[in-house]
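# Predicted model and sequence below, questions to follow.
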Amino acid sequence: MKILYFLCAICCFGAILNLPIQYYTFLRIIVSIASITMIYKWLAQKNFLLAIIFALVLLAFNPIFPVYLHRKNLWIPFDVLTGLLFLIVVFYKKRNIKIEESQVPILPVPKTYTRDRIVSTKILRTK
């Protein structure tokens, strides 16, 4: 999947150039497919903020109901930000924190009794 995301980033950076309309249709399709997979991935990890961000990318680049801004100068920031977003996803590494036994603090265990101890006052008076 990282190859798809890297391809999306390269295509978004390439969209800055003046290219034929077929390229931008291809760009919409590939970014939409990658956005759908990213939304699914982030929802599975319960990271709703990133899922919303990729939903907005999907909305802007969808090929079914395309968004037309009619000026290339308005699309360039969207293309650059989307390309950077996909590059961040490609190079993002999830850090696993390993805790060694020596790092885990040992807490004192409270003393537990198997039954309650009841002291009778009669026994104390007789002595």
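Alright, I've got the coordinates.
# Isn't residue 87 up against residue 6?
Yes - look at residue 87 against residue 6 with C-beta atoms under 8 Å: they come within range, at 7.5 Å. C-beta: built from backbone N, CA, C; applies to glycine.
# Check the secondary structure at residue 109 for me.
Secondary structure assignment for residue 109 (DSSP: H, G, I helix; E, B strand; the rest coil): coil.
# Please state the backbone phi and psi of it?
Dihedral angles of residue 109 (phi, psi; degrees, to the nearest 10) stand at phi -90, psi 130.
# Residues contacting the longest helix anywhere in the chain, please?
Taking DSSP state H as the criterion, the chain has its longest helix at helix 21-44. For helix 21-44, contacts defined as C-beta atoms under 8 Å, 6 or more residues apart in numbering pick out 1, 4-5, 7-8, 11-12, 14-15, 48, 50-51, 54-55, 57-58, 61-63, 66, 82, 86, 89.
# same question for that helix, mean pLDDT?
Averaged over helix 21-44, pLDDT sits at 94.
# ok, then the element right after it?
Where DSSP states H and E defines the elements, the next helix or strand beyond helix 21-44 is helix 48-61.
# Just checking the distance from the helix or strand that that next one is followed by to the centre of its chain.
Downstream of helix 48-61, the first helix or strand assigned by DSSP H and E is helix 72-91. The chain centre lies 17 Å from the centre of helix 72-91; the measure is C-alpha atoms, centre = their mean, to the nearest Å.
# Pull the residues that contact helix 72-91.
2, 5-6, 8-13, 15-16, 18, 31, 34, 38, 53, 57, 60-61, 69.
# One more pass at 6 Å, please.
For helix 72-91, contacts defined as C-beta atoms under 6 Å, 6 or more residues apart in numbering pick out 2, 5, 6, 8, 9, 12, 13, 15, 16, 57, 69.
# buried set for it?
Buried residues in helix 72-91, counted by 16 or more other C-beta atoms under 10 Å: 75, 78, 79, 82, 83, 85, 86, 87, 89, 90.
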